[in-house]
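A.B. asks: My questions concern the predicted model and sequence given below.
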Number of protein chains: 2
Amino acid sequence: MSRAAETAYEKIRSFVLYGEARPGMQLTEEKLAEISGVSRTPVRDAVRRLENEMLLVRSASKRLSIADWSEDEIDEMFTLRAMLEAHAAERAARRIGTADVEKLRDINDRLKQAIRQSRPDIAAFLQANREFHDLILACAKSPRLSKLLPALIEQPVVHRTAHQYSNAELEQSAKDHDELIAAFDAQDSHWAGAVMTSHIRRAFHKFSATARSAND
Amino acid sequence: MSRAAETAYEKIRSFVLYGEARPGMQLTEEKLAEISGVSRTPVRDAVRRLENEMLLVRSASKRLSIADWSEDEIDEMFTLRAMLEAHAAERAARRIGTADVEKLRDINDRLKQAIRQSRPDIAAFLQANREFHDLILACAKSPRLSKLLPALIEQPVVHRTAHQYSNAELEQSAKDHDELIAAFDAQDSHWAGAVMTSHIRRAFHKFSATARSAND
DNA sequence: ATCGCTTCTATTGTATACAATTCTGTCTGG
DNA sequence: CCAGACAGAATTGTATACAATAGAAGCGAT
């Protein structure tokens, strides 16, 4: 994807995630072209990608709208993500080298710095967290997994969850990462997988709890 | 995807799977347009889909070629597929109704018919097998899973495996399906998941064995 | 002869015009 | 007042021409 298609992708994506877009909202290719400042051709390209990530949905007959996930779908998303990220951690544990373990340590240090302040820097936390998980995925060396997982990590959900975290919960995340690093050091794939599973499933329940209270 | 894009998809797909295409072979959008008899625009569309299914790969700089999976990638594919199909079976076991269980029985009866002949009809076996697994996936009622799984069930691999099956192995497949149906009847998700796991992993080892002997 | 530069060619990316489809609102007959 | 059909508008799909970019070939200097 070159310049135009790539910028279209990014603009549309941030419009959907951080802009004034609302779930279920209808869109047209032309509007999106306007937003991203390119013609419809690269827009269609970007839209295909976003459809695959299931951020956009093509309604009954080809009309585009912004995805609106049911509670069951979000549960399922977390479950699948837990399965696949645990699997990624297991693979990574068998393949990772000391250099990459060091990198993970560095990233997690930055993550700790971000949260150990009078007011935790959630953006920096999310950034470091993302890098951490991405590096593990890279160490798993599975093209397939790398293609599948992004479709399960929906930024709106991740964001919303992180912004609800208490200090203790942020610390727990950092501790999970420490333990993952320990498991990688020991090249213990079972351990790594188990830590990753509980790491994700804790996030899941945090998310559910806040979603529930928001709906009351 | 309407007419042109859809026909392009199908033509390219069958060219890749059953045509004179070879793994690693380079392709150009124009050649594909020629093959499918439409212009490059819908071809690009189809190519995107096939890239997502990882049947086509975009090499370093945007050049297209036919995917060529390493042994490790195929292992990984089976492992992921086993995880996700087992999960689908578990979900289905909790949601399936008697009508759909009946349908599964019918499909599996057709499958048995196909293999219980002097010369088993592998095409009919594959067809019924596919319907069986598709119906389970539908009963799992998870849009996400439905999007993810197809990227893991590569037809070349499935085909190659099925054509190597002995009569006993074909029968074992049918028996697995019978047991899945029993698990669904009992709404026992653990049972269903376990049967599915072993069903897929057996296929995996059959595939590996024949692949290994073919390489000697 | 080889390395690096330049030019040319092949291939992919983008814009635009037009065709096909689907949606919306209005009108007519009952 | 409602159902169904029709006309018009909006939206998506396709083809084509052209632009940008990557790859290959040729050329000369050392």
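C.D. replies: Good, I have the coordinates. Residues are numbered from 1 along each chain as shown, chains lettered A, B, ... in the order given.
A.B. asks: and chain A, which residues reach chain B?
C.D. replies: A:2, A:41, A:44-45, A:48-49, A:52, A:54, A:62, A:73, A:76-77, A:79-80, A:83-84, A:87, A:142-145, A:147-148, A:151-152 (CB under 8 Å from any CB of the partner chain). All C-beta spots, glycine's among them, are computed from the backbone N, C-alpha and C.
A.B. asks: how does chain A divide up, domain by domain?
C.D. replies: For chain A, automatic domain parsing gives the domain ranges A:3-66, A:71-214.
A.B. asks: Return the most buried member of these.
C.D. replies: The highest average neighbour count among the domains of chain A, using mean count of other CB atoms under 10 Å in any protein chain shown, belongs to domain A:71-214 at a mean of 18.
A.B. asks: show me where chain A has helices.
C.D. replies: A:3-18, A:29-36, A:40-52, A:71-95, A:98-115, A:122-140, A:143-148, A:155-164, A:167-185, A:189-214 (DSSP state H).
A.B. asks: Adding distance to residue B:100, write these out as a markdown table.
C.D. replies: Putting these into a markdown table (distance: least, CB to CB, whole Å) gives the following:
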| stretch | distance to residue B:100 |
| --- | --- |
| helix A:3-18 | 35 |
| helix A:29-36 | 38 |
| helix A:40-52 | 28 |
| helix A:71-95 | 18 |
| helix A:98-115 | 46 |
| helix A:122-140 | 36 |
| helix A:143-148 | 27 |
| helix A:155-164 | 31 |
| helix A:167-185 | 40 |
| helix A:189-214 | 29 |
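A.B. asks: Can you list the low-confidence ranges for chain A?
C.D. replies: Confidence mapping of chain A against pLDDT under 70 gives the ranges A:1, A:215-216.
A.B. asks: Kindly reformat the domains of chain A as CSV containing distance to residue B:98.
C.D. replies: Shown next, in CSV, are those (distance: least, CB to CB, whole Å):
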stretch, distance to residue B:98
domain A:3-66, 29
domain A:71-214, 22
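A.B. asks: Stretch A:24-41 spans what distance, first to last residue?
C.D. replies: By CA to CA, to the nearest Å, the extent of stretch A:24-41 from end to end equals 23 Å.
A.B. asks: ok, it near DNA strand C or not?
C.D. replies: Yes - on the criterion CB under 7 Å from any atom of the strand, stretch A:24-41 is in touch with DNA strand C at A:38-41.
A.B. asks: dump the residue contacts of residue A:204.
C.D. replies: By CB atoms under 8 Å, 6 or more residues apart in numbering or on different chains, the contact set of residue A:204 is A:75, A:78-79, A:82.
A.B. asks: Max pairwise distance over these: which two?
C.D. replies: A:75 and A:82 (10.8 Å; CB to CB).
A.B. asks: nearest residue to the residue nearest the centre of chain A other than its sequence neighbours?
C.D. replies: In chain A, the residue lying closest to the centroid (CA atoms, centre = their mean) is residue A:153, at 3.5 Å. Excluding the flanking residues, the one nearest residue A:153 by CB to CB, 6 or more residues apart in numbering or on different chains is residue A:81, at 6.3 Å.
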